[in-house]
Structure formats: C-alpha cells, structure tokens
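Enquirer: The following block contains a protein sequence and its predicted model.
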Amino acid sequence: MRVLSPAKINLHLRVGPKQLDGFHPLVTWMVTVGLFDTLDFSLDTAGRVGLSCSDPSLPVDDRNLVVRAARLLQAEAARTSGGESSISGPVAGEPGVRIELLKVIPTGGGLGGGSSNAAVTLIALNELWGLNLPRQRLSELAAGIGSDVPFFLGGPSGICPSTICSSAICTGRGEVVSRVDSPSATWVVLMLPDMSMPTPAVYRQFDQMPFSPGWNEAIGWSQQCPPAEELLRLLRNDLEPSAFAISPELGRLRKTAETLVSRPVRMSGSGSSLFTLFSDREVAEKAAFLIHSQLALRTMTVPIAVISNLQK
C-alpha cells in the first residue's frame with residue numbers, strides 16, 4: 001500500500017498561558033496543503049516493525065512517530081484480540097510491517113510532516129492489517145502520539161476512511177478537532193528558509209515574553225470566509241514574536257517578503273516556514289518567483305485540498 005502524507009499550515013494560531021500540566025491551550029485553524037511525503041507499506045509476516053527513510057538525519061526507531069504509531073496499533077491489535085503485546089518488541093502472531101518513507105516535507109518547519117506521517121500510518125495499517133478500528137479509536141491513539149496527529153484524522157467523528165481531513169479548528173492541546181470549510185483562497189505560496197526552529201525553544205521564549213490576551217477569541221468573521229488578501233489581515237500567529245526573537249533573520253525574511261508581494265505573510269506553527277495566500281494560481285506563482293529571486297529563498301506554490309490518500 002502506498003500512502004501520500006500531506007503537509008499542513010496553521011492559518012491562525014493563538015496560544016494561551018502555560019497550564020499546570022506544562023502544556024499551552026491552543027486555538028488554531030489548520031489546513032492541509034499539496035506538499036507530500038510518500039510512505040510504502042508491506043506486510044511483515046514475522047511481526048516486526050521496520051522503517052527506512054530517504055533522509056538519513058531522521059531516526060528510524062521508536063523516536064520516529066511512524067514507528068510509534070505502528071507500535072501503538074500493534075499493541076491495540078493484540079489487546080482487541082485478547083492477546084498480549086509489548087511496545088518494546090513484537091510478539092508471536094501480531095501483525096508486522098515494513099515501511100519506506102520518502103521525505104519531501106521539510107523537518108523543523110512547522111508543516112506537520114511527522115504528525116501527518118503518523119496519522120496516515122494509523123489509517124493505512126488499520127486497513128492493511130484488517131483491524132477495522134473505528135475512526136474514534138484511531139483518534140484516541142493519535143492524541144497519545146502528538147497534538148497535531150488527530151487533525152489529519154478529522155477528529156473522533158471521523159471522515160471517509162481513505163481521506164485526510166483538509167480543514168479544521170483545533171483546540172485543547174490541538175487534539176480537539178472540529179472540521180470547517182476550507183478557506184476561499186485556493187493557493188498557498190510556501191517560503192522555506194534553510195533553518196529549523198525547535199518547538200520547545202520557541203515555547204520557552206513565548207513564556208518569557210509579555211502575554212497577549214484574547215487568545216481564545218473567535219477568528220474575525222462569523223459567516224462567509226473573506227477573500228485571500230482580506231483573510232490574511234485577520235490571521236495571527238502568537239508564536240511569531242518568540243520565533244523572531246530566537247531568529248531575527250527569520251523576522252527580517254518575513255518583513256521583506258511582505259514588502260515584495262504587498263500582502264501579509266504569516267508563519268506556520270512554531271516556524272520556520274512562512275506562507276501567504278492567493279485565489280489565482282498565476283498570481284501566486286509570480287509572487288513565489290519574485291520572493292525566490294530577490295531573497296534566494298526556496299518557495300513552492302501548492303493548493304489547499306482534501307487528500308484521498310490510500311493507493312493499494
């Protein structure tokens with residue numbers, strides 16, 4: 001089975017104060033975009049879970065969310081069948097898999113590649129292993145892997161088993177997913193600086209800076225989503241000041257890109273990826289070329305889309 005694993009961007013991200021459990025409550029609007037990793041799955045009759053990756057810098061053991069997702073589903077299969085399982089290794093009779101991961105989504109860029117990989121692993125193995133677990137149970141397992149993973153599953157109510165969620169408002173730590181219509185903008189220009197922004201460092205910086213109230217207020221419209229340029233002016237990312245404090249160069253890139261294309265540019269997640277929105281592909285591609293040529297910055301023009309991803 002071959003699976004396409006899409007990236008996401010945070011169109012809007014508000015962050016609340018740190019709670020006693022050490023986490024920050026969020027209100028974020030996330031959408032998938034047409035930038036994909038590819039995962040190939042094949043059965044391993046010996047019950048092993050093996051991962052190979054085109055990016056040699058990424059771990060292929062339990063530190064990788066793909067392996068963690070497979071192990072959790074392996075344990076769930078044993079539990080529901082009345083057997084015993086161990087996360088640290090396979091047991092007799094449990095399903096196994098060999099996974100090949102072709103990485104295209106940049107790591108450390110706030111595009112959710114690892115979370116997406118984990119989510120599609122749950123979807124694919126649920127079918128490949130014939131487990132038939134309901135989407136609600138998959139979402140519960142996803143929340144234990146990472147806060148962004150449930151978004152790609154569409155929340156506990158689920159969506160078509162072969163389809164990734166394309167647009168949702170996520171709250172709590174990000175694990176409470178409420179699907180919403182995609183924005184009226186149909187194209188995203190991604191700006192991909194050659195730098196990684198470690199999420200823990202960005203949040204530590206966030207905790208040291210003045211807190212912005214109103215983090216849990218509704219996004220600034222109540223009916224029809226406005227056009228791309230108007231929408232951009234309503235969007236916020238509370239982690240931008242923290243990321244730009246850590247990397248002033250990233251802040252300068254954002255400001256210069258805004259000047260070049262005469263429209264707001266936002267950061268996705270905790271960075272370092274930047275983006276802006278368009279409703280016309282030709283206009284978007286011209287903006288991407290301008291940014292690339294003037295800033296020597298890698299750019300991509302990709303659609304916002306629902307992804308049907310299981311390919312047997």
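Expert: That came through fine.

Enquirer: so how far is Phe206 from the residue positioned nearest the centre of the chain?
Expert: Closest to where the C-alpha atoms of the chain average out (C-alpha atoms, centre = their mean) is Gly112, at 2.6 Å. To Phe206, Gly112 is 19 Å away according to C-beta to C-beta, to the nearest Å. (C-beta placed from N, C-alpha, C; glycine too.)

Enquirer: can you check Asp37 too?
Expert: 28 Å.

Enquirer: quick one on the thing from earlier: wait, the residue nearest to the centre of the chain sits on Thr199?
Expert: No - Gly112 is not in contact with Thr199 according to C-beta atoms under 8 Å; the separation is 11.1 Å.

Enquirer: which residues of the stretch 151-300 of the chain score low on pLDDT?
Expert: 155-163, 218-224 (pLDDT under 70).

Enquirer: Show me where it has its helices.
Expert: Along the stretch 151-300 of the chain, the segments classed as helices by DSSP state H, counting those that start in this stretch run 199-208, 228-232, 240-246, 248-261, 281-295.

Enquirer: buried stuff in the last one?
Expert: It stands for helix 281-295. Within helix 281-295, the residues that count as buried by 16 or more other C-beta atoms under 10 Å are Ala284, Ala287, Ala288, Ile291, Leu295.

Enquirer: so which strand or helix has the nearest residue to Asp62 once chain neighbours are set aside?
Expert: Among residues not flanking Asp62 along the chain, Arg68 sits closest, at 5.9 Å (C-beta to C-beta, 6 or more residues apart in numbering). Assigned by DSSP states H and E, Arg68 falls within helix 65-80.

Enquirer: I'd like the next helix or strand past that helix.
Expert: Taking DSSP H and E, what comes next after helix 65-80 is strand 97-102.

Enquirer: Now find how far off-centre the next helix-or-strand element following that next one is within its chain.
Expert: Once strand 97-102 ends, the next helix or strand along the chain (criterion: DSSP H and E) is helix 113-128. Relative to the centre of its chain, helix 113-128 is centred 12 Å away, using C-alpha atoms, centre = their mean, to the nearest Å.

Enquirer: What's the mean pLDDT across the very next helix or strand once past helix 113-128?
Expert: The C-terminal neighbour of helix 113-128 among helices and strands, as given by DSSP H and E, is helix 135-143. Averaging pLDDT along helix 135-143 yields 91.

Enquirer: Which of the residues in helix 135-143 are classified as buried?
Expert: Applying 16+ other C-beta under 10 Å to helix 135-143 flags Arg135, Arg137, Leu138, Ser139, Glu140, Leu141, Ala142, Ala143 as buried.

Enquirer: for it, packing partners?
Expert: helix 65-80, helix 113-128, helix 149-153 (3 or more C-beta pairs under 8 Å, 6 or more residues apart in numbering; DSSP states H and E).

Enquirer: closest to Asp55 out of the ones you listed?
Expert: Smallest distance to Asp55 across the helices and strands packed on helix 135-143 (C-beta to C-beta): 10.1 Å, for helix 113-128.
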